[in-house]
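Enquirer: Here is my input, please return the structure:
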Amino acid sequence: MGDETKMERERETLRLMMGLYCRDRHGAADALCAECGELFEYARKRLATCPFRKNKPTCSECPVHCYRPDMREKVKTVMQYAGPRMIYRHPVLTIRHYWRKAAK
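Expert: Numbering: from 1, shown residues only. Sure thing, here's the model as predicted:
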C-alpha cells in the first residue's frame, strides 16, 4: 500500500471519528462545529507532516509527539469517545485498525 493511500485512510478515519464525536457531543448534523473543525484541521496538518508516512504507528504508540499538549488532549478525548463506537458505524475501518495494530 502506498504512502498516500495509507495517509488518506488515516485522514478519513480521523474525519469520521471527529464527525461522530461532534454529532453526539455538540449536535452538529452535517458538518463539524467550529471547535471540532479547528481541531480536525490542526490534526490533518499534523498528519500531513508525519515523518513516518508508510510506517506510521497509531498516534498513541508514536515515539514523536507532534501535537501541542492541549490539542493532544482534545484528540485523545475524541478518540476515547469515538473509538468504541466506530465498530458499529464503520466496522471495516475498525477491523483494519486493530488488525494493523496487532500485526506490529
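
Enquirer: which SS class is residue 25?
Expert: helix (DSSP: H, G, I helix; E, B strand; the rest coil).

Enquirer: so what's it closest to, chain neighbours aside?
Expert: Spatial nearest neighbour of residue 25, excluding adjacent residues (CB to CB, 6 or more residues apart in numbering): residue 81 at 7.2 Å. For the C-beta atoms, the positions are set from N, CA and C on the backbone; glycine is no exception.

Enquirer: host element of that neighbour?
Expert: In the assignment (DSSP states H and E), residue 81 maps to helix 69-89.

Enquirer: other SSEs contacting that helix?
Expert: Other helices and strands packing on helix 69-89, by 3 or more CB pairs under 8 Å, 6 or more residues apart in numbering; DSSP states H and E, are helix 3-26, helix 34-48, helix 91-103.

Enquirer: The ones you listed into TSV, with extra columns for mean pLDDT?
Expert: Output for the helices and strands packed on helix 69-89, formatted as TSV (pLDDT from 0 to 100):
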stretch	mean pLDDT
helix 3-26	88
helix 34-48	94
helix 91-103	75
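
Enquirer: show me the contacts for the residue nearest to residue 25.
Expert: 20, 21, 24, 25 (CB atoms under 8 Å, 6 or more residues apart in numbering).

Enquirer: How about residue 51?
Expert: Here residue 51 is in contact with residue 64 (criterion: CB under 8 Å, 6+ apart).

Enquirer: Name the nearest residue to the spatially most central residue of the chain, sequence neighbours excluded.
Expert: Centroid-nearest residue in the chain, with CA atoms, centre = their mean: residue 14, separated by 2.9 Å. Among residues not flanking residue 14 along the chain, residue 43 sits closest, at 5.7 Å (CB to CB, 6+ apart).

Enquirer: for residue 35, same thing?
Expert: The nearest residue in space to residue 35 (CB to CB, 6+ apart) is residue 26, at 7.3 Å.
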